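K.L.:
Everything below, folded, please.
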Amino acid sequence: MILSICDDPDVLSVMRIIIIVINIVKIIVPIILIITGMISFTKAVVDSDYQKPLKQLVTKVVAAILVFFIPTFVSIVVNIFDTKDIYYSCIENATKEKIEEGYVNRAKLYVLNAKNSLSISYYQYAVGKVNKLKNSSAKEELTNELNSVYEEIQAAMKEREEKKKQGTSGKINPDGEYSKVDVIDMDEQRVRDMTNEEFIEFMASNARLVYAEYGGVLPSITIAQAILESGWGNSFESTSHNLFGLIGYPGEKPKVNKLRKFDNFYEATYYHYAYFQNYSNVYGNFLNLCASGDAIGASQYLYAYAGGSQTYAPKIISLINQYNLTQYDH
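P.N.:
As a prediction, this is how the structure comes out:
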């Protein structure tokens, strides 16, 4: 996932060109200065008038030294003021390998967008990005994944058409089970209008779909967090679909006020899962207990999610127990 400016392949490509130009200038210019100075001085010696050319030679040598060391001086100044090491991070990443890796990661993100939206326009955009990749193995892998995504999109289009004919598209399902298309197409206002029981059933389908595809966070925990963070689907910002209060992650998603904006509830739930994966150094115990099926044990490690709050985890555990949410983990 592209999270910072120094992971952006377009920025790194420009940075690489600048580095190459600087290296050429710092080598070629001093050489030219010294050579021209020596030629002038040699002529002056032959003509026995070398005082002025000698000064010119010394001046050019000093200028050559200064030009050669200018990048070093710039680095020292940047090092003083760049407390977050952004400059050095960009310099280190401005290699052919890192740039191509950045383009691969970006293509993966577009493929993911197509997969989590079941949108033909996102799919076509992803195809364009994948086709431009120079990394043949990554290109082949992502092309195969796009083929699967395309099949899923075709099936989704048929399902949408059928629901449209039946007049059931986007409605609350009385049976409590929603397909991926249902979740993606669900209108925000319909979620706000749901009863608590309907919201649980909607989120159960949503969480189980994401869990089946990606693993990670147990559905019971996902449901409980959506209940708590969104006030039973009532308090998320309009047009954000953000049921989980995600603020700082992921980097490329826009914001509505403070919350990240997602295209649909399925995508929002995916990024809820991705948040924990991205910060696995913090949530290692949480993810391990989720993997073992221990929702209550895992929930005890959620204090970091709420900025260190000691009351957050007990609230999640209480919701899981009160509504028997672990039934959706199986």
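
K.L.:
Let me see the mean pLDDT of stretch 150-162.
P.N.:
Per-residue pLDDT over stretch 150-162 has a mean of 94.

K.L.:
Need the residues that contact that stretch.
P.N.:
Identification of contacts with stretch 150-162 by Cβ atoms under 8 Å, 6 or more residues apart in numbering yields 114-115, 118-120, 123, 169, 179-181, 184-185. C-beta here means a position set from N, CA and C on the backbone, and glycine is covered the same way.

K.L.:
Tell me the buried residues within those.
P.N.:
Using 16 or more other Cβ atoms under 10 Å as the burial test, those include 114-115, 118-119, 123, 169, 180-181, 184-185 as buried.

K.L.:
Just the ones in helices from the contacts of stretch 150-162, please.
P.N.:
Secondary structure assignment by DSSP state H places 114-115, 120, 123, 180-181, 184-185 of those in helices.

K.L.:
Contacts only, for residue 204.
P.N.:
176, 219, 223, 325, 328 are the contacts of residue 204 under Cβ under 8 Å, 6+ apart.

K.L.:
Closest one of the contacts of stretch 150-162 to residue 297?
P.N.:
When the contacts of stretch 150-162 are compared for distance to residue 297 (Cβ to Cβ), residue 180 wins out at 29.3 Å.

K.L.:
Could you pull up the residues touching that closest one?
P.N.:
Residue 180 touches 118, 156, 209, 266, counting by Cβ under 8 Å, 6+ apart.

K.L.:
Tell me which of those residues fall in helices.
P.N.:
Applying DSSP H to those, the entries found in helices are 156, 209, 266.

K.L.:
worst-scoring helix or strand of this structure, pLDDT-wise?
P.N.:
Across the helices and strands of the chain, the lowest-confidence element by mean pLDDT, DSSP states H and E is helix 86-93, at a mean of 63.

K.L.:
want to throw the contacts of residue 180 into JSON lines with distance to residue 95?
P.N.:
Below are the contacts of residue 180 laid out as JSON lines (distance: Cβ to Cβ, whole Å):
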{"residue": "118", "distance to residue 95": "36"}
{"residue": "156", "distance to residue 95": "40"}
{"residue": "209", "distance to residue 95": "39"}
{"residue": "266", "distance to residue 95": "36"}
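
K.L.:
Put the buried members of those into a ChimeraX selection.
P.N.:
Entered in ChimeraX, the line below selects the buried ones among these, by 16+ other Cβ under 10 Å:
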select :118,156,209,266
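
K.L.:
which two in the contacts of residue 180 are spaced the farthest apart?
P.N.:
Pairwise distances across the contacts of residue 180 (Cβ to Cβ) peak at 12.7 Å, for the pair 156 and 209.

K.L.:
Out of the buried ones among the contacts of stretch 150-162, which one has the lowest pLDDT?
P.N.:
Minimum pLDDT for those is recorded at residue 169 (76).

K.L.:
coming back round to it: if you rank the contacts of residue 204 by neighbours, which is first?
P.N.:
With neighbours taken as other Cβ atoms under 10 Å, the top of these is residue 223, carrying 29 neighbours.
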